[in-house]
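Colleague: Sequence and predicted structure, then a few things I'm wondering about:
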Amino acid sequence: MKTDPHQLILGIETSCDETAASIVEGGRHILSSVVASQIDIHAKFGGVVPEIASREHVNHMLPVIDRALRDANKALSELSGIAVTYGPGLVGALLVGVAAAKGLSHATGLPLIPVHHLEGHIASAYLADEALKPPFLCLIVSGGHATLAEVKDYTHFEVLARTRDDAPGEAFDKIARVIGLGYPGGPLIEKAAEGGRRDAFFLPITDFLDSFDFSFSGVKTAAINQYRKIEHEAQQEGKDWPSSVGLSDFAATFQETIVQTLASHTKRALKETNYRQLVIAGGVSANKRLREVMSEMTKEIGVRLTIPTLSFCTDNAAMIASAGYYAWQSGRRASLDLNAVPMAELDDVNRFVVG
Ligand code: KG4
Ligand code: ZN
């Protein structure tokens, strides 16, 4: 593939609760990355409220794009294309980014490049590791996904496994809400887990013999039942938490079960597919214990590991601009009738390749 290291792509991301825009050069170098987070607004409700998310995106979209251009000290006329997340995600949220990208494309004549949100998470690793090139295996773990994908080339993906029910980030968020920690649950559980026992009680690990698929609803329900028991015990002792299992033990044991499940599935998939490079991306890849266990596991089996820089694990637009660069190079374009696709499939992105 012919690449030009100086091409500038504007990336736009609004699939969930972050309004983001970024300018990336040559798919690898971030000139600016602006993220307007709505976490504080949704925290009151214990999770993302779609209608509120859409309204917030409308308020922030244009100032965020403007800021990304100013931070990079670039004008729209210097860009090669506009990349936007068209799915998956919340339809009302996606539509704001898609409409903004279409408007800019129409006004400037710049090509409109549709990017799949997970393709963006995969590309976040290119921003952290200059030497990284496909092919590799990628584990994407976030609030909506647990996906193992074969990255055959920059724009060719094959999904090996996905979750059959909940995503790991969703399980973190749910448990944090149940035990009263707040939102988003992942970082709060990680903090609460510090110094806790990782084997304070038993939680099940779900495995499927015939596939690498994930399932987190069993561990989520088991953890909620365990918490109810602990709550009862604490009430009898007249305390917030009983003396047998503390908050940090509970958080550490729950976190460990999720981490070990992800590590064992990924190890099995690496062994069967023979990839020598693993990438872990998505919001949950910010988890320090996951990073530690995955680093040990890959060292043990001689696989190279790349995980994005912490601030690029969660949703951002630099990853969309990076993915957009490679998509642009591959001939992917959208016309102005591009729509948001809330259930977009990762292996379907090449239907947008023209010519
Ligand atoms: O990738 P992301 O920003 O949005 C989606 O595409 O879903 O991921 C957000 C998810 C949330 O569920 C959040 O709780 C989780 O990632 N998360 C974490 C950590 N930081 C964010 N989970 C575990 N440990 C963390 N440090
Ligand atoms: Zn995401």
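Modeller: That came through, no problem. Predicted model only: the values in this text are computed from it and were never measured. Numbers count the residues shown, from 1 in each chain. Ligands and ions are numbered 1, 2, ... in the order given.
Colleague: Please save the CA atoms from stretch 146-165 in PDB.
Modeller: This file holds the C-alpha atoms of stretch 146-165, laid out as PDB (Å, rounded to 0.1, in the frame of the first residue of the first chain):
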ATOM      1  CA  ALA A 146     -15.300  -8.000  23.900                       C
ATOM      2  CA  THR A 147     -14.100  -8.900  20.400                       C
ATOM      3  CA  LEU A 148     -11.100 -10.900  19.200                       C
ATOM      4  CA  ALA A 149     -10.300  -9.900  15.700                       C
ATOM      5  CA  GLU A 150      -7.700 -11.000  13.200                       C
ATOM      6  CA  VAL A 151      -6.200  -7.800  11.700                       C
ATOM      7  CA  LYS A 152      -5.100  -9.200   8.300                       C
ATOM      8  CA  ASP A 153      -4.200  -5.800   6.900                       C
ATOM      9  CA  TYR A 154      -4.900  -2.200   7.900                       C
ATOM     10  CA  THR A 155      -8.400  -2.400   6.500                       C
ATOM     11  CA  HIS A 156      -9.200  -6.200   6.500                       C
ATOM     12  CA  PHE A 157     -10.600  -7.700   9.700                       C
ATOM     13  CA  GLU A 158     -12.000 -11.000  10.600                       C
ATOM     14  CA  VAL A 159     -13.900 -11.400  13.800                       C
ATOM     15  CA  LEU A 160     -12.800 -14.600  15.600                       C
ATOM     16  CA  ALA A 161     -14.900 -14.200  18.800                       C
ATOM     17  CA  ARG A 162     -17.300 -11.800  20.500                       C
ATOM     18  CA  THR A 163     -19.200 -11.700  23.700                       C
ATOM     19  CA  ARG A 164     -22.500 -13.600  23.700                       C
ATOM     20  CA  ASP A 165     -24.000 -11.300  26.300                       C
END
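Colleague: Three-state assignment for Ser22, please.
Modeller: Following DSSP: H, G, I helix; E, B strand; the rest coil, the label given to Ser22 is strand.
Colleague: gap between it and ligand 1?
Modeller: Noted for Ser22: a distance of 15 Å to ligand 1, by Cβ to the nearest ligand atom, to the nearest Å. Every C-beta, even on glycine, is put in place using the N, C-alpha and C of the backbone.
Colleague: Kindly report the same for Lys102.
Modeller: For Lys102 relative to ligand 1 (Cβ to the nearest ligand atom), the value is 22 Å.
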